[in-house]
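A.B. asks: the amino acid sequence is not available; the structure is as follows:
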Ligand code: AMP
């Protein structure tokens with residue numbers, strides 16, 4: 001006991017920055033977790049060497065490593081010499097065979113238990129990441145480290161609950177019969193989550209049945225009503241990503257009257273039909289006219305500033321990722337929460353969970369993640385090398401990255417991805433013990449993102465081409481275009497600026513006017529049809545992206561844009577039209593030249609299954 005107390009004090013102190021306020025006493029249960037973090041970060045190179053040897057030993061007989069000529073070797077030198085760097089497209093033939101039912105050890109020595117469907121796409125479809133049973137333990141382990149770290153900064157989180165909006169998404173089966181679903185859906189449906197023992201630090205207001213309900217409306221409604229009923233217990237409000245939390249607030253804006261009515265009577269709306277959800281909510285929902293009155297008073301005024309703390313007054317922080325593409329939502333979240341701290345606790349992907357933020361209460365602009373060396377084998381491709389294609393000889397180990405430099409993340413996983421390019425760009429910002437810490441800089445090749453969708457330049461180009469075919473009969477073409485992820489409304493949506501040229505302009509008629517409204521509305525829908533399946537799923541199944549908008553700008557606008565860029569120092573010779581704009585003065589310029597705006601009149605096509613013809 002005394003030893004434990006000593007270890008905890010040391011561990012707690014090591015994890016806190018010198019500038020942080022007086023340390024909270026470390027609880028016994030947390031000490032072990034904090035000590036684990038210290039152990040893992042003390043000699044990352046040794047841990048990484050062991051992890052690589054373990055991965056290569058397990059997967060020694062796989063077809064992939066055999067083809068690489070590894071011949072059972074588990075040392076770094078042979079691995080470096082023989083195993084090439086790989087992209088998803090390189091692995092796709094192997095992955096396809098596993099999906100089709102080939103059970104031989106192709107990538108992994110352990111049986112592939114399911115596929116995780118990444119929000120990254122290949123040929124317009126979600127990437128399928130093979131995973132194995134024991135990855136769940138590694139994910140679980142990383143989750144279990146979050147609250148012990150948080151407890152060092154925010155005491156008393158065991159005295160109440162978390163209103164965390166968690167959702168499952170639809171899943172399919174591959175032709176070989178393996179489940180294909182997003183990693184969080186897999187986790188929430190696992191016994192690790194469903195049968196988790198009570199944990200005062202992760203005590204959710206949402207009943208598990210509501211989280212597991214695949215119908216987005218019913219799930220959100222049930223989670224919201226339970227969150228409202230337990231409003232005084234709520235100590236943190238969150239969702240995985242900022243966009244998800246904003247959707248919840250939008251849901252409250254649209255449904256507060258019904259929610260208040262249910263709370264007044266203690267009877268759940270018949271719009272929630274799922275019997276298990278109804279049963280779970282019935283355990284929590286009681287008639288409470290006082291609470292109904294509070295909700296009506298707070299929500300009917302039309303003033304939504306600070307709504308989170310007005311409804312959930314004991315909230316200490318928002319538990320939500322606002323790094324990377326999610327940074328665009330920081331101002332809106334500040335508005336709704338009255339400036340509560342935002343904790344970005346974890347950095348993870350379908351391929352593998354990577355690491356933790358060891359200073360979770362820091363400002364979003366300062367978030368760095370410490371990659372935990374036990375999760376997989378990490379390598380890093382310097383960005384200057386990545387820009388020119390990059391080859392495996394340029395890869396740097398975790399223990400050898402340099403402060404300040406940017407790298408593309410490359411991983412070798414227990415599940416059988418070898419030197420796989422994740423596509424994330426990270427910058428080294430410091431060290432915890434010997435473990436480097438990284439700022440998430442960006443995802444490579446992502447132009448537009450509202451939530452988990454990722455649209456690259458080529459996809460946007462294809463979508464514009466497909467839509468502009470509708471203009472041809474009108475003798476008009478798109479001469480220039482750019483785009484922005486519009487997030488001032490919830491849900492956000494893509495805005496595409498088009499400058500049109502009429503081939504045979506009628507006197508005094510601009511191209512914008514030569515094309516009728518209906519055609520331009522249809523162009524919006526055509527663009528959506530051409531975008532990837534993650535975008536279309538967000539539009540159709542989740543409602544988390546609003547209808548795509550085309551704003552037609554008057555002729556000459558893009559020339560003005562170029563003049564503006566040149567006046568700010570761009571070179572005339574090298575100027576290229578940006579395919580996405582974020583700089584407010586540029587957006588203002590474009591918006592001031594808009595002659596008409598058009599929205600997609602319908603939902604694009606989307607079905608849950610993966611396409612199998614690519
Ligand atoms: P997915 O495989 O669909 O779960 O997406 C994983 C990707 O989401 C990562 O490769 C990152 O690009 C992004 N991501 C995950 N966690 C974070 C984070 N904490 N901050 C910024 N981006 C993140």
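C.D. replies: Yes, it's here. Fair warning: this is a prediction, and the values are worked out from it, not measured in the lab.

A.B. asks: can you list the low-confidence ranges for this structure?
C.D. replies: 1-13, 16-24, 504-513, 610-614 (pLDDT under 70).

A.B. asks: so what are the domain limits for it?
C.D. replies: Per the TED database, the structural domains of the chain span 28-132+350-443, 155-315, 447-599.

A.B. asks: how about those in a markdown table, adding distance to residue 606?
C.D. replies: Yep, even glycine has a C-beta here, placed from its N, CA and C like the rest. Listed next are these as a markdown table, based on distance: least, Cβ to Cβ, whole Å:
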| stretch | distance to residue 606 |
| --- | --- |
| domain 28-132+350-443 | 11 |
| domain 155-315 | 10 |
| domain 447-599 | 4 |
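
A.B. asks: out of those, flag the one nearest the ligand.
C.D. replies: Nearest to the ligand among the domains of the chain is domain 28-132+350-443; the distance by Cβ to the nearest ligand atom comes to 3.1 Å.

A.B. asks: and that closest one, how far out from the chain middle?
C.D. replies: Centroid separation for domain 28-132+350-443 versus its chain: 18 Å, with Cα atoms, centre = their mean, to the nearest Å.

A.B. asks: are stretch 403-419 and the ligand in contact anywhere?
C.D. replies: No: applying Cβ under 6 Å from any ligand atom, one finds stretch 403-419 out of contact with the ligand, separated by at least 7.8 Å.

A.B. asks: buried residues in that stretch?
C.D. replies: 406-419 (16 or more other Cβ atoms under 10 Å).

A.B. asks: what does stretch 189-209 contact?
C.D. replies: Here stretch 189-209 makes contact (Cβ atoms under 8 Å, 6 or more residues apart in numbering) with 136-137, 140, 147, 150-151, 157-166, 168, 181, 187-188, 211-212, 222-223, 226-227, 229-230, 233-234, 274, 276-277, 279-281, 283-284.

A.B. asks: next step: these restricted to helices.
C.D. replies: In helices, defined here by DSSP state H, the members of the contacts of stretch 189-209 are 136-137, 140, 147, 150-151, 187-188, 211, 222-223, 226-227, 229, 276-277, 279-281.

A.B. asks: neighbours of residue 522, just the number please.
C.D. replies: Residue 522 is flanked by 17 other residues according to other Cβ atoms under 10 Å.

A.B. asks: apart from its chain neighbours, what residue comes closest to it?
C.D. replies: Of all residues not flanking residue 522 in the chain, residue 470 sits nearest, at 5.7 Å (Cβ to Cβ, 6 or more residues apart in numbering).

A.B. asks: any idea whether the one you found is helix, strand or coil?
C.D. replies: Here residue 470 is recorded as helix under DSSP: H, G, I helix; E, B strand; the rest coil.

A.B. asks: burial of it, as a residue count?
C.D. replies: By other Cβ under 10 Å, 17 other residues sit near residue 470.

A.B. asks: how about residue 237?
C.D. replies: 27.

A.B. asks: do the same with the one 10 residues further on
C.D. replies: Neighbouring residues of residue 247 were enumerated by other Cβ under 10 Å; the total is 23.

A.B. asks: please verify my assumption that it contacts residue 490.
C.D. replies: Yes: contact criterion Cβ atoms under 8 Å: residue 247 and residue 490 qualify, at 6.6 Å.

A.B. asks: need the longest strand for the protein.
C.D. replies: When the chain is parsed with DSSP state E, its longest strand is strand 420-432.

A.B. asks: counting by contacts, list what it packs against.
C.D. replies: strand 406-412, strand 435-443 (3 or more Cβ pairs under 8 Å, 6 or more residues apart in numbering; DSSP states H and E).

A.B. asks: I'd assumed residue 53 was in a helix, is it?
C.D. replies: Yes: Residue 53: assigned to a helix according to three-state DSSP.

A.B. asks: from memory it sits against residue 78, does it?
C.D. replies: No: using Cβ under 8 Å as the test, residue 53 is too far from residue 78 to be in contact (10.8 Å).

A.B. asks: name the nearest residue to the residue of the stretch 251-400 of the chain found nearest the ligand, ignoring sequence neighbours.
C.D. replies: Nearest residue of the stretch 251-400 of the chain to the ligand (Cβ to the nearest ligand atom) works out as residue 324 at 2.9 Å. Leaving aside its chain neighbours, residue 324 sits nearest to residue 440 (4.8 Å; criterion: Cβ to Cβ, 6+ apart).

A.B. asks: who touches that neighbour in this structure?
C.D. replies: Residue 440 neighbours (Cβ under 8 Å, 6+ apart): 323, 324, 347, 367, 369, 424, 426.

A.B. asks: state the helix or strand in which the residue nearest in space to the middle of the chain lies.
C.D. replies: What sits nearest the mean C-alpha location of the chain, by Cα atoms, centre = their mean, is residue 452, with 5.0 Å. Residue 452 belongs to no helix or strand when elements are defined using DSSP states H and E.

A.B. asks: identify the residue spatially nearest to it, adjacent ones excluded.
C.D. replies: Using Cβ to Cβ, 6+ apart, the closest residue to residue 452 is residue 119 (3.8 Å).

A.B. asks: go on, residue 92?
C.D. replies: Here the residue nearest residue 92, using Cβ to Cβ, 6+ apart, is residue 122, at 6.8 Å.

A.B. asks: look up how far residue 225 lies from that neighbour.
C.D. replies: 39 Å (Cβ to Cβ, to the nearest Å).

A.B. asks: which one of these two is surrounded by more residues?
C.D. replies: Set residue 122 next to residue 225 and count neighbours by other Cβ under 10 Å: residue 225 wins out with 25 against 17.

A.B. asks: wait, the more buried one touches residue 261, no?
C.D. replies: No: when contacts are counted by Cβ under 8 Å, residue 225 is not listed as touching residue 261 (10.6 Å).

A.B. asks: helix/strand/coil for residue 258?
C.D. replies: Three-state assignment for residue 258 (three-state DSSP): helix.

A.B. asks: ok, it - contacts?
C.D. replies: Here residue 258 is in contact with 269, 271 (criterion: Cβ under 8 Å, 6+ apart).
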